[in-house]
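Asks: Give me a model of this one.
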Amino acid sequence: MGSIKIWGLELNWLILIMGAFLEFIVPYILAIFYPKYSHSREVLSALGGKDSPVSKYYNLWLIIWGIIMSFTSITFYKAYSEVSNMLAAIGAIAFILFGVGACILSAMFSVEDRKSIESMEGKIHGIGSGIGFIALAFMPLIISKLAYMKSESLLGMIFIIFFIINIIIFTLFVMSEKDHFSNTVIGLSGLWQRLLLASFYMPLVILAIKNIK
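Replies: Predicted coordinates for the structure are as follows:
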């Protein structure tokens with residue numbers, strides 16, 4: 001029974017790794033069928049907008065990814081509750097907030113562009129995404145503390161660096177939504193969102209690899 005449980009946890013971590021890579025692969029494949037879409041200027045949610053020819057496929061993927069992230073909360077808690085029950089619980093909640101808010105709710109209440117954010121659907125989408133992104137932005141700080149508690153100083157430092165990168169890119173991503181920066185490099189919302197997600201997922205991939213024995 002013990003080996004089955006361990007294999008189950010390892011499988012969950014493996015699914016997380018594959019999902020993180022698919023988060024970048026799926027949009028690029030779908031964008032082939034959406035010629036007007038710009039990877040550098042448009043956010044990923046535009047692929048799931050009502051006018052997008054690939055909306056149902058992208059939103060389906062978002063829901064799948066949201067479920068994966070939400071279930072990872074259980075795996076994370078089981079892996080680190082013995083190190084710190086409180087930090088493991090906070091980390092698990094962060095996974096759920098991102099999975100439900102930034103993925104599942106974003107898919108259910110899709111938006112087309114910045115203007116549609118004023119609608120009720122847009123507000124739900126915006127609030128859900130905002131809460132989810134903020135929660136995951138602080139995830140490296142949580143796992144850094146857990147690493148230090150396990151005397152893994154180098155790993156802890158790496159996660160702190162990712163946290164700092166998260167804050168910097170998150171700030172640029174928020175700034176990119178302002179009209180004042182629309183014709184500048186800062187205005188490339190799609191670019192900053194992808195870099196932010198890469199910075200979000202890299203610590204999780206490192207964490208997953210470490211937990212696959």
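
Asks: okay, CA-based contacts and neighbour counts for the rest of this
Replies: Fine.

Asks: biggest helix in the chain, by residue count?
Replies: Ranked by number of residues, the top helix in the chain under DSSP state H is helix 2-31.

Asks: where does the chain dip in pLDDT?
Replies: Counting by pLDDT under 70, the chain shows low-confidence ranges at 1-8, 112-118, 213.

Asks: Mind doing that once more with 50?
Replies: The chain contains residues with pLDDT under 50 at 1-7.

Asks: Would you check how far apart residue 120 and residue 111 are?
Replies: Counting by Cα to Cα, to the nearest Å, the gap from residue 120 to residue 111 is 10 Å.

Asks: correction: residue 105
Replies: Distance check for residue 105 against residue 111: by Cα to Cα, it reads 11 Å.

Asks: With neighbour numbers in mind, choose between the two.
Replies: residue 111 (26 against 23; other Cα atoms under 10 Å).

Asks: Can you tell me the closest non-neighbouring residue to that one?
Replies: With sequence-adjacent residues excluded and distances taken as Cα to Cα, 6 or more residues apart in numbering, residue 111 is closest to residue 49, at 5.1 Å.

Asks: hang on, isn't that neighbour packed against residue 43?
Replies: No. Applying Cα atoms under 8 Å as the test, residue 49 and residue 43 come out as separate, 10.6 Å apart.

Asks: Neighbours of the closest residue to residue 153 other than its chain neighbours, how many?
Replies: Using Cα to Cα, 6+ apart and skipping the chain neighbours, the partner closest in space to residue 153 is residue 147 (6.7 Å). Taking other Cα under 10 Å as the criterion, the count of residues near residue 147 is 21.

Asks: what's the helix or strand for residue 147?
Replies: Using DSSP states H and E, residue 147 falls within helix 139-149.

Asks: ok, and for whatever helix or strand comes next after that helix, which residues are buried?
Replies: With elements assigned by DSSP H and E, the helix or strand that comes after helix 139-149 is helix 153-176. In terms of neighbour count (16 or more other Cα atoms under 10 Å), helix 153-176 has its buried residues at 155-157, 159-160, 162-167, 169-170, 172-173, 175-176.

Asks: and what of stretch 204-213?
Replies: Of the residues in stretch 204-213, those buried (16+ other Cα under 10 Å) are 204-205, 207-208.

Asks: Which secondary structure state is assigned to residue 41?
Replies: Assigned by DSSP: H, G, I helix; E, B strand; the rest coil, the conformation of residue 41 is coil.

Asks: Is it in contact with residue 194, as I believe?
Replies: No. In terms of Cα under 8 Å, residue 41 does not count as a neighbour of residue 194; the distance is 10.7 Å.

Asks: I figured residue 201 hits residue 22, correct?
Replies: No. Judged on Cα under 8 Å, residue 201 makes no contact with residue 22 at a distance of 11.2 Å.
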